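Colleague: with the input below, show me the fold.
(2 chains)
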Amino acid sequence: DTEVTQTPKHLVMGMTNKKSLKCEQHMGHRAMYWYKQKAKKPPELMFVYSYEKLSINESVPSRFSPECPNSSLLNLHLHALQPEDSALYLCASSQWDRGEKLFFGSGTQLSVL
Amino acid sequence: DAKTTQPPSMDCAEGRAANLPCNHSTISGNEYVYWYRQIHSQGPQYIIHGLKNNETNEMASLIITEDRKSSTLILPHATLRDTAVYYCIVRGAFSSGSARQLTFGSGTQLTVLP
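Modeller: Sure, this is the predicted structure:
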C-alpha cells in the first residue's frame, strides 16, 4: 500500500468554525508533512513531523494546529480561519524527515467563507 | 538550496519524447536534483532524482550535465496522461531543518497533444 489518504476531499467552513483535516498512511513512514497550495502556485511547506514529534513549523499562524496522534495519522486542526486560507492542503509522508522521496495524498480543497 | 529555472510551459506530441529542461547553475556538490509532477487535482508525484550520474526508472530518465549546472527530464513516449506541471527541485542531502526539505518552484506545465 503506497497510498496517503486524506479526508475530506472538499471542505467549506465559515470563519468561526472549527474543523479538522485528516491524513493516514500505512507505509511505515516516520515523517509526515503538511503543505499548502494556492491556486496556480506551487505547494508550500507548513509543518514536518518526525517520529510523531513536530520538527519544523514554517511560521504558520496559530489558527492552524497540527497533531500527530500516532505514526500513521496526521491531523490539521483549523480554527478562526480567514478567506485567504482557502487553498488545497496536501499531506505527504516519507521514510525519514530528510525531504527525500515524498508520497503525497490528493489533498483537501478548503474554502473559507 | 540552489534555485532552479524552468520554462513555464511546453507542448509535446503524443508518442514523442518530452524533454523538460531545468537550470540550476548555483548547485553545490552535495545537492541532489529531484523531479516531481502534479497532475491536475492530484498531489505531486515523485518521478526521479540524481546527484551526478544519469538515472533511469520506469517513468523517466534524468540527464545531468557534467558540470551539474543543468538537467533534463526525459519522458520517452509521452501520453495524454503525462499532461501535468513538472517541478525540478534541488535539495541538499546534508542540510538541516527547513533547508533539506522540498521547496517547489514554479515548474513547467507540460501539455501532451493528441
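Colleague: where along chain A do the strands fall?
Modeller: In chain A, the strands defined using DSSP state E lie at A:4-7, A:10-13, A:18-25, A:31-37, A:44-50, A:53-57, A:64-70, A:73-79, A:87-94, A:103-104, A:108-112.
Colleague: and for chain B?
Modeller: B:9-13, B:18-23, B:31-38, B:45-50, B:55-56, B:61-64, B:70-75, B:84-92, B:108-113.
Colleague: how about those strands in JSON lines, adding mean neighbour count?
Modeller: C-betas here are computed from N, CA, C, even on glycine. Formatted as JSON lines, these follow (neighbours: other C-beta atoms under 10 Å in any protein chain shown):
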{"stretch": "strand B:9-13", "mean neighbour count": "14"}
{"stretch": "strand B:18-23", "mean neighbour count": "20"}
{"stretch": "strand B:31-38", "mean neighbour count": "22"}
{"stretch": "strand B:45-50", "mean neighbour count": "18"}
{"stretch": "strand B:55-56", "mean neighbour count": "15"}
{"stretch": "strand B:61-64", "mean neighbour count": "19"}
{"stretch": "strand B:70-75", "mean neighbour count": "20"}
{"stretch": "strand B:84-92", "mean neighbour count": "23"}
{"stretch": "strand B:108-113", "mean neighbour count": "18"}
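Colleague: out of the ones you listed, which comes closest to residue A:96?
Modeller: Of all the strands of chain B, the one in closest proximity to residue A:96, counting by C-beta to C-beta, is strand B:84-92 (13.2 Å).
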